[in-house]
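Asker: got a predicted structure here, sequence first:
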Amino acid sequence: MAAKSHITKLEAMQSIILRTIANALWYIKNKKDLQIPSVWEEIQPFSYRYKDRTTNHPNPLANTLYMDNITGSCYSLLN
């Protein structure tokens with residue numbers, strides 16, 4: 001999972017690009033009007049699938065990627 005600061009930057013860039021495409025003014029909310037999902041909403045399903053694949057992987061090192069005792073990892077963001 002990407003850091004929150006990276007997701008924020010991606011969402012800001014997404015907003016700028018959508019505003020340019022739609023030729024909208026700066027104060028109009030693009031995601032709601034254009035019905036575009038946020039970056040976080042797009043990343044979440046991929047993160048869950050990746051977590052499922054790694055926890056069920058035959059390689060023991062891949063299984064440890066999402067252990068409960070790991071702090072500061074993306075596991076804590078998903079729960």
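Answerer: Looks like it arrived, so ask away.
Asker: where do the helices of this structure begin and end?
Answerer: Using DSSP state H, the helices of the chain run over residues 4-22, 30-34, 39-55, 60-63, 74-78.
Asker: check those helices for me and report the most buried one.
Answerer: helix 74-78 (a mean of 15; mean count of other Cβ atoms under 10 Å). All C-beta spots, glycine's among them, are computed from the backbone N, C-alpha and C.
Asker: can you list the helices of the chain in CSV and add mean pLDDT?
Answerer: As requested, the helices of the chain are exported to CSV (pLDDT from 0 to 100):
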stretch, mean pLDDT
helix 4-22, 88
helix 30-34, 73
helix 39-55, 85
helix 60-63, 80
helix 74-78, 52
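Asker: what separation do you get for S15 and I7?
Answerer: Noted for S15: a distance of 13 Å to I7, by Cβ to Cβ, to the nearest Å.
Asker: what's the offset of stretch 37-48 from the middle of its chain?
Answerer: 4 Å (Cα atoms, centre = their mean, to the nearest Å).
Asker: could you do stretch 28-43 as well?
Answerer: On Cα atoms, centre = their mean, the centre of stretch 28-43 falls 12 Å from the chain's centre.
Asker: that stretch: end-to-end distance?
Answerer: One end of stretch 28-43 to the other measures 24 Å (Cα to Cα, to the nearest Å).
Asker: swap in stretch 22-35?
Answerer: Start-to-end, stretch 22-35 (Cα to Cα) is 12 Å.
Asker: which residues does it contact?
Answerer: Under the contact criterion Cβ atoms under 8 Å, 6 or more residues apart in numbering, stretch 22-35 has outside partners Q14, S15, L18, R19, I36, P37, S38.
Asker: looking at G72 now. What's its pLDDT?
Answerer: Note on G72: pLDDT of 54.
Asker: what's the most distant pair in the contacts of stretch 22-35?
Answerer: The distance between the two most remote of those (Cβ to Cβ) is 16.4 Å, for R19 and P37.
Asker: what about the residue nearest in space to the middle of the chain, distance to N59?
Answerer: Taking Cα atoms, centre = their mean as the criterion, I43 is the residue nearest the geometric centre of the chain, at 3.2 Å. Applying Cβ to Cβ, the value for I43 to N59 is 24 Å.
Asker: since that was my last question, I'll sign off now.
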